[in-house]
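Trainee: Attaching a predicted model along with its sequence, questions to come.
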Amino acid sequence: MNSKPVLTLDDVKRIAAAAEAEALKNQWAVTIAIVDDGGHLLWLQRLDGAAPISSHIAPGKARTAAVGRRESKVYEDMINQGRSAFLSAPTLEGMLEGGVPILVQGQCVGAVGVSGVKSSEDVQVAKAGIAAL
């Protein structure tokens, strides 16, 4: 039987704190979502001033990145290049840039999704959080 690393609550707190610090440093009002490898929500944090819709978008981006094991931007790019059939893909609802998988020892252990500013800035926040591992 194979074994793989999993996110602990301490890991999730470190990711969230680093992502929050990056957002605050840039004065970005965002929502940060962290999910496990199955896309199940482990953490949701909406910073002051973040739009309410971002609390729905960030977890969707995170789930998409986790279950797809790739950045959610990959799906956005496919759709923008004309592969609109991907809009009907089951369980993928956050096919927008801003979801980043958390890879440990070559295994996807979860993902971070961020929503609230430009998509590239959402990714910057997510990656800053992941870098805390």
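Mentor: Thanks, I have it.

Trainee: the longest helix in this protein is where?
Mentor: helix 9-25 (DSSP state H).

Trainee: Could you list the buried residues of that helix?
Mentor: Going by neighbour count (16 or more other C-beta atoms under 10 Å), the buried part of helix 9-25 is 11-12, 14-16, 18-20, 22-23. C-beta here means a position set from N, CA and C on the backbone, and glycine is covered the same way.

Trainee: so what secondary structure elements neighbour the helix or strand following it?
Mentor: Later in the chain than helix 9-25, the nearest helix or strand by DSSP states H and E is strand 31-36. Helices and strands touching strand 31-36, by 3 or more C-beta pairs under 8 Å, 6 or more residues apart in numbering; DSSP states H and E, are helix 9-25, strand 41-46, helix 54-68, strand 107-115, helix 119-131.

Trainee: Now tell me what touches the longest one from outside.
Mentor: The contact list for helix 9-25, computed with C-beta atoms under 8 Å, 6 or more residues apart in numbering, reads 29-30, 32, 34, 42-43, 45, 47, 102, 112, 114, 116, 124-126, 128-133.

Trainee: Could I have the buried ones of these as PyMOL selection syntax?
Mentor: Of those, the buried ones go into a single PyMOL selection, burial set by 16+ other C-beta under 10 Å:
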select buried, resi 30+32+34+42+43+45+47+102+112+114+116+124+125+126+128+129+130
